[in-house]
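Q: I need the structure of the sequence given here:
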Amino acid sequence: MQFNKHQVDKLSSFLIDLAKILFASSVFGFFIPGSSGQVNVIVFIVGAIFAFGCLIGGLNLLSRLNNSHQL
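A: Numbers count the residues shown, from 1 in each chain. Coordinates of the predicted model:
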């Protein structure tokens with residue numbers, strides 16, 4: 001299955017937005033004391049890794065979309 005340019009653009013923006021949400025909820029939640037839910041070190045590390053992965057995936061799709069016309 002091959003995606004068109006509009007679908008790849010939406011998927012990349014979704015991954016970038018997901019990275020923002022993961023970063024805000026896990027990484028910022030780790031440093032804010034007295035938050036409603038405790039964020040331990042494991043959640044902090046896993047959230048940071050997934051946020052970074054989503055950001056890299058979204059930026060990779062976006063750069064491939066801008067650099068090639070084969071999508």
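Q: so who does the residue nearest the centre of the chain touch?
A: The centroid of the chain falls nearest to Ala19 when counting by Cα atoms, centre = their mean (2.2 Å). Neighbouring residues of Ala19 by Cβ atoms under 8 Å, 6 or more residues apart in numbering: Ala51, Phe52, Gly53, Cys54, Leu55, Gly58. For every residue, glycine as well, the C-beta is placed using N, CA and C.
Q: What sits closest to the fifth one if chain neighbours are left out?
A: Right, the one you point to is Leu55. Ala19 (3.9 Å; Cβ to Cβ, 6 or more residues apart in numbering).
Q: Need the contact partners of stretch 46-59.
A: Contacts of stretch 46-59 with the rest of the structure, by Cβ under 8 Å, 6+ apart, involve 11-16, 18-20, 22-23, 25-27, 39.
Q: What residues sit buried inside the one helix or strand the residue nearest to the centre of the chain maps to?
A: Using DSSP states H and E, Ala19 sits in helix 5-22. Across helix 5-22, burial judged by 16 or more other Cβ atoms under 10 Å covers Val8, Asp9, Leu11, Ser12, Leu15, Ile16, Leu18, Ala19, Leu22.
Q: After that helix, which helix or strand is next? Please name it.
A: Counting by DSSP H and E, what follows helix 5-22 is helix 29-31.
Q: mean confidence for stretch 16-35?
A: The pLDDT scores in stretch 16-35 average 83.
Q: So Val41 versus Val8, what's the distance?
A: Val41 sits 36 Å away from Val8, going by Cβ to Cβ, to the nearest Å.
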